[in-house]
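In: with the sequence up front, the predicted model follows.
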Amino acid sequence: MDISVVVTFHNENLLAHWMLNMFARTRGHAERQGLRVEMICVLDSANEDTTRIVTNHDTLRATDTVIPVTNRDQAVSRNDGIRLAKGAYIAIVDGDDYYSEAWLMNAHGRAREMSDKAIVHPEYIVSFGTVHSVRRVIDQERDHYPLASCLKIHPWVSTAFAPTEIFRDIPYHTRNTQAGFGYEDWHWNLEVVSAGYRHVTARGTALYYRRKAVSMLTQDTHRGVTIRPTGFFRRPDKWAKWAEVSR
């Protein structure tokens, strides 16, 4: 298996149907180029409608996996899916977002181009819903970005594509908003930088990001949580040299 796509579902209801239709297009495009793609659906305390839509969807194949869990934690549920992955690469996907048809194929190509030493993101984020915007994602091979600002700003996204061993060596850390910790994707993206990897983008691809009035992101912001302690801030020597080179 070349690519395992790990999708977490919660209470997406009909949106899960549209997301799975999108996945069928991206998988078909990748397979026409000779790549083998499996899907791992993690149903984290999913409601009845979401569970029914996912488990009965025409997109599912015998080689795909659906697992019900009761983590109520995005990070832990992703780790559950990652453990089951058979692919050489993993793509992390949310159950209510959409992606370019060429996302999997182009991300795979960029990862190979980077000798599997990078995390690949879509080149653009097209936000819709409560916010309409287009943003180009930071590529550390192309853009000079002051990495020290990552203390206050998260320049990347949750959508990530990388070799499977990176996800297993650097798992997602559980959320604990009661202790003041959230933003698990922000934390993970900094952990991989501190481990010596780069963040790059797959040319000609986009994440179509659904912005809601109430979401996990807005709830974290309202609670005033922060990311967990990370090696990124303890070991700036791991990444400071990149800022020097890109000036």
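Out: That came through, no problem. Fair warning: this is a prediction, and the values are worked out from it, not measured in the lab.
In: just the CA atoms of the strand ranked longest in the chain, as PDB, please.
Out: Counting by DSSP state E, the longest strand found in the chain is strand 198-211. Extracted in PDB, the C-alpha atoms of strand 198-211 (Å, rounded to 0.1, in the frame of the first residue of the first chain):
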ATOM      1  CA  ARG A 198      10.700  20.800   7.000                       C
ATOM      2  CA  HIS A 199       7.200  22.000   6.100                       C
ATOM      3  CA  VAL A 200       6.500  22.300   2.400                       C
ATOM      4  CA  THR A 201       3.500  22.400   0.100                       C
ATOM      5  CA  ALA A 202       2.300  20.400  -2.900                       C
ATOM      6  CA  ARG A 203       2.000  22.700  -5.900                       C
ATOM      7  CA  GLY A 204      -1.400  23.200  -7.400                       C
ATOM      8  CA  THR A 205      -3.400  21.900  -4.500                       C
ATOM      9  CA  ALA A 206      -5.800  23.400  -2.100                       C
ATOM     10  CA  LEU A 207      -7.600  22.600   1.200                       C
ATOM     11  CA  TYR A 208     -11.200  23.900   1.100                       C
ATOM     12  CA  TYR A 209     -11.600  24.600   4.800                       C
ATOM     13  CA  ARG A 210     -15.000  24.900   6.300                       C
ATOM     14  CA  ARG A 211     -15.100  27.700   8.900                       C
END
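In: what's near enough to touch D94?
Out: V7, T8, S158, T159 (Cβ atoms under 8 Å, 6 or more residues apart in numbering). Just so you know, the C-beta spots here come from the backbone N, C-alpha and C atoms, and that holds for glycine as well.
In: what about these, which are in strands?
Out: If you go by DSSP E, the contacts of D94 have V7, T8 in strands.
In: return the member of the contacts of D94 nearest to E113.
Out: Relative to E113, the closest of those is T159; by Cβ to Cβ it sits at 18.3 Å.
In: leaving aside the residues next to it on the chain, what's closest to the most centrally placed residue in the chain?
Out: Of all residues in the chain, the one closest to the mean position by Cα atoms, centre = their mean is T159, 2.5 Å from it. The shortest distance from T159 to any non-neighbouring residue, by Cβ to Cβ, 6 or more residues apart in numbering, is to L207 (5.0 Å).
In: what's the local residue count around that neighbour?
Out: Using other Cβ atoms under 10 Å, L207 is surrounded by 24 other residues.
In: isn't it right up against Y124?
Out: Yes. Counting by Cβ atoms under 8 Å, L207 sits close enough to Y124 to count as a contact (7.3 Å).
In: if we can go back for a sec, hang on, the residue nearest to the centre of the chain packs against S100?
Out: No. With contacts defined as Cβ under 8 Å, T159 does not count as touching S100, sitting 10.8 Å away.
In: good, we can wrap up now.
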